[in-house]
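Peer 1: show me the folded form of this:
(2 chains)
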Amino acid sequence: MRFATILGAVGFATAVLVGGLTGAAQADALDRITKEKVLRVAVPQDFPPFGSVGPDLKPLGYDIDTANLIGKELGAKVELVPVSSSNRIPYLTTGKVDLVISSLGKNAEREKVIDFTAAYAPFFNGVFGPEASTVEKAEDLNGKTVGVTRGSVEDIELSKIVSDKVTVRRYEDNNGTISAFLSGQVELVATGNVVAAAIIERNPPRLPILKFLIKNSPCFIGLNKDEGLLLEKVNAILAKAKTDGSLSAISKKWLGTPLSKDL
Amino acid sequence: MAYRFDFSSLADYTPVLVQGVATTVGLTLIGGVLGVGIGIAGAAARSSGNAPLRFAVGSYVELIRNTPFLVQLFFIFFGLPSMGVRLPEWQAAVLAMVINLGAYATEIIRAGIDATPKGQIEAGASLGMTGPQIFRYIILGPAMGKIWPALTSQIIIVMLGSSVCSQIAVDELSFAANFIQSRNFRPFEVYFLATALYLALAVALRWVLARLGDRMFRGGARV
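Peer 2: As a prediction, the model looks like this:
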């Protein structure tokens, strides 16, 4: 009898513990957001144009606008939590934020830890050139001069795909690459869409137009695993924002180009 | 120390380094010869009786000696294209080095010319030498002999200064070092080798210039 009691007690305790734990893990973030009307979002503050700090010390950028858009659709007040690229996922997994909208790229390692919504922002490296240039693929670069920032991702990737008929000019930093393009010292540049956006923003006589992609890694919104309802809801909001053009407006505002259809 | 030195990782990049050394030597040779040429012409102009010419050369010397080489280089490479003058990186680098060395050499050679005693010039004139002859044999020869060590140092400074040409993607030695470092992530090995190569180049250049000076200006007063 005693043994049975102990067994029963252990069984009961286990049930409570397991039940409690799964309960905690499944605590519905969407429920809490709609109840408290607060959406906590991790955003970057050192990565313009996605997230930086304005002159009035308020965060601003593509990610912040996206966070506000989602907050509005959820009917919740957005609480922005500034994070760095190294601590943005821990902020999420320890429950300090509901969403990470921090120019987050998707990869297999991250997918083991967190879930991703649909893509919300373009992020890619490509070869850019003036409108008149007819370059469409790596082979078209033969005999041409391409500027790139030395040691960058695009430098490494470009060096893999071009033949030795292409003259690659490697500059010390993005400013050198930009200046070389703007002054016409190089016809084409390999760089990120964010850098190209920074050039477009200055409205120069030579506008960098995307000729072809080198590496594409769009940004996704990160959220905790087992938050299926929130995931569905955010995806629905993103899908709507893509159709009605409000996300494209954010892209136009911060990246200088409307959202491409395939995102 | 946890760091493992691995100089063998540089072996793959030998062509890049060889190219780098060749470009640095080439830049220095062309820049040095043309720069000293400008220096002689500039010094002659600054010592001449023509006031507007003296003023023009003086302004050039002050402009170049009081601005950084890097800015001069950027102006030529990134700035001039806005005015329709687009020089490829190699030409831009040579031009910047010639203009830069020309200004310093003008001042150095002028110092040598100023040190020529008046009586020596008068002696030349009384021997019936023409103006150009006096300048060539009585003023310039001894002047170059006197200032040759200072000029040698300036040429070496310009050679070392050519390292900033890597900023406009000229594939000289510093560019080669930076490039290799961005690929194999072995900064110690790469920059150690680059430092050694610069040192060797500078020592060799000093030796060559010293021999050259002995040969060309033998008999010139040595200070």
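
Peer 1: residues from the stretch 101-250 of chain A in reach of chain B?
Peer 2: A:147, A:150-151, A:155, A:169-172, A:176, A:179-180, A:183-185 (C-beta under 8 Å from any C-beta of the partner chain). For glycine as for every other residue, the C-beta is placed from the backbone atoms N, C-alpha and C.

Peer 1: from the residues you listed, which land in strands?
Peer 2: Among these, the residues falling in strands (DSSP state E) are A:147, A:169, A:170, A:171.

Peer 1: and those, which two are furthest apart?
Peer 2: A:147 and A:170 (7.9 Å; C-beta to C-beta).

Peer 1: what about the helices in the chain?
Peer 2: All of this refers to chain A. Along chain A, the segments classed as helices by DSSP state H run A:2-25, A:29-36, A:62-74, A:88-93, A:108-113, A:153-161, A:174-182, A:193-201, A:228-243, A:246-255.

Peer 1: if you could check chain B rather than the one you did, that'd help
Peer 2: All helices of chain B, identified by DSSP H, fall at B:14-46, B:51-65, B:69-74, B:89-114, B:118-126, B:131-133, B:141-161, B:173-184, B:187-216.

Peer 1: dump these to a markdown table, plus mean pLDDT and mean neighbour count.
Peer 2: What follows is those, written out as a markdown table (pLDDT from 0 to 100; neighbours: other C-beta atoms under 10 Å in any protein chain shown):
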| stretch | mean pLDDT | mean neighbour count |
| --- | --- | --- |
| helix B:14-46 | 96 | 19 |
| helix B:51-65 | 96 | 14 |
| helix B:69-74 | 96 | 18 |
| helix B:89-114 | 96 | 22 |
| helix B:118-126 | 91 | 12 |
| helix B:131-133 | 89 | 10 |
| helix B:141-161 | 95 | 20 |
| helix B:173-184 | 91 | 22 |
| helix B:187-216 | 94 | 14 |
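
Peer 1: tell me the contacts of whichever residue of chain B sits closest to chain A?
Peer 2: For chain B and chain A, the shortest gap (C-beta to the nearest C-beta) falls at residue B:182, measuring 3.0 Å. Residues near residue B:182 by C-beta atoms under 8 Å, 6 or more residues apart in numbering or on different chains: A:150, A:151, A:155.

Peer 1: my read: the last one touches residue A:147, true?
Peer 2: I take that to be residue A:155. No. At 10.2 Å, residue A:155 and residue A:147 do not qualify as touching, with contact defined as C-beta atoms under 8 Å.

Peer 1: overlap in contacts, the two.
Peer 2: When contacts are counted by C-beta under 8 Å, 6+ apart, residue A:155 and residue A:147 have A:168, A:170, A:190 as shared neighbours.

Peer 1: got the confidence number for the last one?
Peer 2: The one in question is residue A:190. pLDDT, residue A:190: 95.

Peer 1: repeat that for residue A:121.
Peer 2: Per-residue pLDDT puts residue A:121 at 95.

Peer 1: again with residue A:94
Peer 2: Looking at residue A:94, its pLDDT reads 91.

Peer 1: go on, residue A:6?
Peer 2: Note for residue A:6: predicted pLDDT of 64.

Peer 1: do you know how far the residue of chain B closest to chain A is from residue A:257?
Peer 2: Separation of residue B:182 from residue A:257 (C-beta to C-beta, to the nearest Å): 29 Å.

Peer 1: was I right about residue B:193 contacting residue B:181?
Peer 2: No. Residue B:193 is beyond contact range of residue B:181, at 10.5 Å (criterion: C-beta under 8 Å).

Peer 1: I am finished for the moment; much appreciated.
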